[in-house]
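K.L.:
next come a sequence and a model predicted from it.
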Amino acid sequence: MVTGATGFTGGYLARRLTANGHSVRALVRSREKGRTLADSGIELVVGDVTDPDSLRPAMDGIELVYHLAGTFRRENISRKKVWAINCQGVQNMLDAAIAAGTVQRFIHCSTVGVHGGIKNPPATEETPYAPDDIYQASKAAGEKIAIHYMQQGQLPITIFRPGGIYGPGDTRFLKLFRPVKKRRFVMIGSGNVLYSLIYIDDLIDGILLCGTHPNAVGQVYILTGEPALTLNELAATVAEAVGAPAPKWHIPFSPVYLISFACEMVCKLIGLEPPLYRRRVDFFRNDRAFSVAKARGELGFAPQVDLKTGLARTARWYEAQGLL
């Protein structure tokens with residue numbers, strides 16, 4: 001079973017598993033949302049990680065669970081809902097897997113965001129939790145539930161923390177590609193903070209290792225690309241991918257941060273999604289660099305796609321879709 005299969009990473013994973021000859025079931029909130037998955041030969045079962053009753057029949061006969069479902073950062077989503085999906089949803093899935101009696105391994109998707117901004121990069125799996133926002137805090141809480149079940153020996157569990165994920169099919173990095181291509185991108189702050197990225201195919205390779213390698217049971221792994229790069233280097237490589245000059249303009253961080261705070265407050269009063277908010281601006285302040293030494297040493301994890309190649313592939317996909 002794959003949860004979150006209607007999303008970017010979950011969809012890639014479900015299709016890779018099917019291509020590898022596995023029978024795959026996707027938990028979807030509606031059959032319409034999963035229509036393209038069904039076209040790929042993936043079985044659909046309607047359910048929701050926040051509804052325990054819907055998970056029992058969905059888990060029937062399942063041997064391997066890849067739990068990727070979650071809600072990402074959105075300013076208009078309630079704290080209660082974020083917690084219900086990213087935290088309580090993990091416990092609901094684990095309880096359903098235990099009750100099924102057939103699950104041989106449960107692979108849970110966390111995030112490197114549980115570490116927050118990194119003070120002494122690169123961070124490792126042993127770096128303390130330091131979530132910066134509700135999304136990261138909810139994912140840390142969900143991960144802690146999985147670790148508790150792991151320590152209690154209730155189920156063979158592996159947890160992975162992916163870095164920034166990119167590749168054809170994902171649109172989150174359009175907010176970087178578009179202004180760079182239009183020569184309107186302005187770096188906030190110095191641009192020297194570090195950021196770790198992983199190409200989608202490399203991440204799927206790592207997730208499959210978490211689900212199959214005997215060393216992975218009972219472990220937590222960071223899965224990202226190496227080395228980390230500065231935001232200046234990222235912007236320059238994106239510029240090369242879209243045929244634009246490397247961005248050169250910078251503006252100070254503090255004024256933009258204050259403006260983002262004011263924007264949040266005003267938009268909250270009038271019920272609108274803020275076009276600029278503190279969490280987005282924090283991206284330009286916090287180092288997020290990570291080591292994959294543990295996954296490399298214990299699982300043989302070895303990302304193959306370098307950043308220049310991966311960003312070029314992503315740019316070509318954006319262009320083919322008419323997004324650039």
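P.N.:
Thanks, I have it.
K.L.:
who touches the worst-scoring helix or strand of the chain on mean pLDDT?
P.N.:
In the chain, the helix or strand scored least confidently by mean pLDDT, DSSP states H and E is helix 278-282, which has a mean of 82. With Cβ atoms under 8 Å, 6 or more residues apart in numbering as the test, helix 278-282 has contacts from 73, 117, 132-133, 188, 253, 256-257, 260-261, 264. Where C-beta positions appear, they are placed from N, C-alpha and C, glycine not excepted.
K.L.:
could you export it as CSV, CA atoms only?
P.N.:
The C-alpha coordinates for helix 278-282 follow below in CSV (Å, rounded to 0.1, in the frame of the first residue of the first chain):
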residue,chain,number,x,y,z
ARG,A,278,7.5,34.7,7.2
ARG,A,279,8.0,31.0,6.6
ARG,A,280,8.7,31.6,2.9
VAL,A,281,11.1,34.4,3.8
ASP,A,282,12.9,32.1,6.4
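K.L.:
just how off-centre is stretch 29-36 within its chain?
P.N.:
Using Cα atoms, centre = their mean, to the nearest Å, the mean C-alpha position of stretch 29-36 is found 21 Å from that of the whole chain.
K.L.:
do stretch 272-280 as well
P.N.:
Its chain's C-alpha centre and that of stretch 272-280 lie 20 Å apart, by Cα atoms, centre = their mean.
K.L.:
first-to-last residue distance for that stretch?
P.N.:
In stretch 272-280, first residue to last residue: 16 Å (Cα to Cα, to the nearest Å).
K.L.:
excluding chain neighbours, what is closest to Arg16?
P.N.:
Nearest residue to Arg16, sequence neighbours excluded (Cβ to Cβ, 6 or more residues apart in numbering): Ile204, at 5.2 Å.
K.L.:
secondary structure element for that neighbour?
P.N.:
Assigned by DSSP states H and E, Ile204 belongs to helix 200-212.
K.L.:
about what we covered before: now list the buried members of the contacts of helix 278-282.
P.N.:
Burial by neighbour count, 16 or more other Cβ atoms under 10 Å: within the contacts of helix 278-282 this picks out 117, 132, 188, 253, 256-257, 260, 264.
K.L.:
and which of those residues is nearest Leu94?
P.N.:
Of all the buried ones among the contacts of helix 278-282, Asp132 has the smallest distance to Leu94: 25.9 Å, by Cβ to Cβ.
K.L.:
tell me if I'm right that that closest one and Ile118 touch.
P.N.:
No - Asp132 lies out of contact with Ile118 (Cβ atoms under 8 Å); the separation is 11.0 Å.
K.L.:
show me the common contact partners of the two, please.
P.N.:
Asn286.
K.L.:
how many neighbours does the closest residue to Ile200 other than its chain neighbours have?
P.N.:
Nearest residue to Ile200 in three dimensions, chain neighbours excluded: Gly167, at 3.4 Å (Cβ to Cβ, 6+ apart). A count of nearby residues for Gly167, using other Cβ atoms under 10 Å, gives 23.
K.L.:
touching, Gly167 and Ile204? I think so.
P.N.:
No - counting by Cβ under 8 Å, Gly167 stays clear of Ile204, with 9.7 Å between them.
K.L.:
can you count the residues close to Pro156?
P.N.:
Using other Cβ under 10 Å, the number of residues around Pro156 comes to 16.
K.L.:
just the pLDDT at Val242, thanks.
P.N.:
If you check Val242, the pLDDT there is 97.
K.L.:
so who does it touch?
P.N.:
The neighbourhood of Val242, defined by Cβ under 8 Å, 6+ apart, consists of 177, 180-181, 315, 324.
K.L.:
and those residues, which of them are in helices?
P.N.:
177, 180-181, 315 (DSSP state H).
K.L.:
now those as TSV including distance to Ser78 and pLDDT?
P.N.:
Shown next, in TSV, are the ones in helices among the contacts of Val242 (distance: Cβ to Cβ, whole Å; pLDDT from 0 to 100):
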residue	distance to Ser78	pLDDT
Phe177	31	97
Val180	34	97
Lys181	35	97
Ala315	36	98
